[in-house]
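# here is a sequence with its predicted model. Questions after.
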4 protein chains.
Amino acid sequence: MKADHKQVTQALKTARGQLDGILRMVEADRYCVDISNQLLATGALLKKTNKIVLQAHLQSCVKESFETGTDVDQKISEILKLLDKLVN
Amino acid sequence: MKADHKQVTQALKTARGQLDGILRMVEADRYCVDISNQLLATGALLKKTNKIVLQAHLQSCVKESFETGTDVDQKISEILKLLDKLVN
Amino acid sequence: MKADHKQVTQALKTARGQLDGILRMVEADRYCVDISNQLLATGALLKKTNKIVLQAHLQSCVKESFETGTDVDQKISEILKLLDKLVN
Amino acid sequence: MKADHKQVTQALKTARGQLDGILRMVEADRYCVDISNQLLATGALLKKTNKIVLQAHLQSCVKESFETGTDVDQKISEILKLLDKLVN
């Protein structure tokens, strides 16, 4: 993975900590809306992390592939699959 | 929280396990696109879990509030805030 | 519809004008990315319009239903269906 | 634009027709939820159209750029901006 490992690891550990917090909220029978808000916050953090991963991917793996003309079809195909998941 | 605690706890633990898996993928320097796909999968699981939480909330807390006429304004206000987060 | 008719009509006419613009861009064989950006802008305007419609719905139809205790099940059912469409 | 002009034009005209329908629904003071559903349907059609435009863009403009090594940075930069809009 080309993204900064420390940054991504940090974000993933934060997300894991948030999930632990939500598990405790469920156990403590906290209010639905509070739990829902925490789930939205963790989902947003994962999206942000994914964006960091994909930006680095485009700026290194994809760019390199295109500059050297290797695996162009595979990279395009990967971006197409990704597009299909992101636009819905 | 009104949703089935066992079901929500199970989903959250699965999501946490997936995050642990992604952390290992980062450490092992796995391919960006594979990591991105896992992040999308975990994000989708959190959305599904949030939907379960909110469905139960509407079917119990909100319904009860409306049937008894108590806290109607607060419930409406919560749904409005939620709408604002979901539609963007 | 409970939302301000003038405001919603205005937004819809703007969106329609944007679609006319995109149709002309297609005809003029404009660059893909420019067309895509216009499509995203019109999609965002429709989301904003939908939010206005739904906010007014919650603040009037739903609130009234809950205060009078009429059609509570139907309103809850509608919000559940909506939730299902918005969270995905 | 590299996507099939007939297909995209057809989709855009359908979306425009749907907006005309929604404008009539507003004028006829139809039920909020019915109007909201129509707005969601038109939004979904615009997303689908955008996907068609972007798929063709990747399969032709971007692929060509990468195969010939021209404008690689610009194409990557465009995809990064797009990613930023799609992931949120």
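Yep, that arrived.
# take stretch A:40-47, keep the C-alpha atoms, and write them as PDB.
C-alpha atoms of stretch A:40-47 as PDB (Å, rounded to 0.1, in the frame of the first residue of the first chain):
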ATOM      1  CA  LEU A  40     -22.200   7.300  11.200                       C
ATOM      2  CA  ALA A  41     -19.000   8.900  12.600                       C
ATOM      3  CA  THR A  42     -17.100   5.600  12.300                       C
ATOM      4  CA  GLY A  43     -18.400   5.100   8.800                       C
ATOM      5  CA  ALA A  44     -17.200   8.600   7.900                       C
ATOM      6  CA  LEU A  45     -13.800   7.900   9.300                       C
ATOM      7  CA  LEU A  46     -13.500   4.700   7.100                       C
ATOM      8  CA  LYS A  47     -14.500   6.700   4.100                       C
END
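# any buried residues in it, and which?
A:40, A:42, A:43, A:45, A:46, A:47 (16 or more other C-beta atoms under 10 Å in any protein chain shown). The way it works is simple: take the backbone N, C-alpha and C, and place the C-beta from them, glycine included.
# for the residues you listed, which one is nearest residue B:5?
residue A:42 (18.3 Å; C-beta to C-beta).
# thought that closest one was touching residue A:18?
Yes: with contact defined as C-beta atoms under 8 Å, residue A:42 reaches residue A:18; the gap is 4.5 Å.
# I'd say residue A:39 and residue B:52 touch.
No: with contacts counted by C-beta under 8 Å, residue A:39 stays clear of residue B:52, the gap being 9.8 Å.
# ok, the two, which is more surrounded?
Per other C-beta atoms under 10 Å in any protein chain shown, whichever of residue A:39 and residue B:52 has more neighbours is residue A:39, with 27 against 18.
# ok, the closest residue to that one other than its chain neighbours - contacts?
Excluding the flanking residues, the one nearest residue A:39 by C-beta to C-beta, 6 or more residues apart in numbering or on different chains is residue B:50, at 4.2 Å. For residue B:50, the contact set (C-beta atoms under 8 Å, 6 or more residues apart in numbering or on different chains) comprises A:36, A:39, A:40, A:43, C:87.
# try 10 Å this time
A:35-40, A:42-43, B:3, B:8, B:11, B:82, B:86, C:83, C:87 (C-beta atoms under 10 Å, 6 or more residues apart in numbering or on different chains).
# that older thread, now do the shared contacts for residue A:39 and residue B:52.
Common contacts of residue A:39 and residue B:52, defined by C-beta under 10 Å, 6+ apart, comprise B:8, B:11.
# which helix runs longest in chain A?
helix A:32-57 (DSSP state H).
# that helix vs helix B:32-57, what angle?
Per axes from the mean of the first three to the mean of the last three C-alpha atoms, to 10 degrees, the angle that helix A:32-57 makes with helix B:32-57 is 170 degrees.
# count of neighbours near residue A:62?
If you count neighbours by other C-beta under 10 Å, residue A:62 ends up with 28.
# ok, it to residue B:51 distance?
33 Å (C-beta to C-beta, to the nearest Å).
# now do residue A:82
Counting by C-beta to C-beta, the gap from residue A:82 to residue B:51 is 23 Å.
# and what of residue A:49?
Applying C-beta to C-beta to residue A:49 and residue B:51 gives a distance of 21 Å.
# neighbour count winner among the two?
Neighbour comparison, residue A:49 and residue B:51: the larger count goes to residue A:49, with 27 against 19 (by other C-beta under 10 Å).
# so the more buried one touches residue B:22, yeah?
Yes: in this structure, residue A:49 is within contact of residue B:22 by C-beta atoms under 10 Å, at 8.8 Å.
# could you pull out the residues contacting both of the two?
Shared contacts of residue A:49 and residue B:22 (C-beta under 10 Å, 6+ apart): A:8, A:9, A:12, A:15, B:35, B:36, B:39, B:42.
# show me what counts as buried in stretch A:22-35.
Applying a neighbour-count criterion of 16+ other C-beta under 10 Å, one finds A:22, A:23, A:25, A:26, A:32, A:33, A:35 buried in stretch A:22-35.
# that one vs chain B: in contact?
Yes: against chain B, stretch A:22-35 shows contacts by C-beta under 10 Å from any C-beta of the partner chain at A:22-23, A:25-35.
# sorry, back to before: and which of the contacts of residue B:50 is nearest residue D:66?
residue A:43 (32.8 Å).
# that closest one and chain B, how far apart?
5 Å (C-beta to the nearest C-beta, to the nearest Å).
# likewise for residue A:82?
Taken as C-beta to the nearest C-beta, the span from residue A:82 to chain B is 7 Å.
# give me the pLDDT for the residue nearest to residue A:57 when sequence neighbours are not counted.
Nearest residue to residue A:57, sequence neighbours excluded (C-beta to C-beta, 6+ apart): residue B:32, at 3.7 Å. Residue B:32 is assigned a predicted lDDT (pLDDT) of 95.
# isn't residue B:32 right up against residue A:53?
Yes: Residue B:32 is in contact with residue A:53 according to C-beta under 10 Å; the separation is 5.6 Å.
# give the residues shared as contacts by these two.
Common neighbours of residue B:32 and residue A:53 (C-beta under 10 Å, 6+ apart) are A:1, A:2, A:3.
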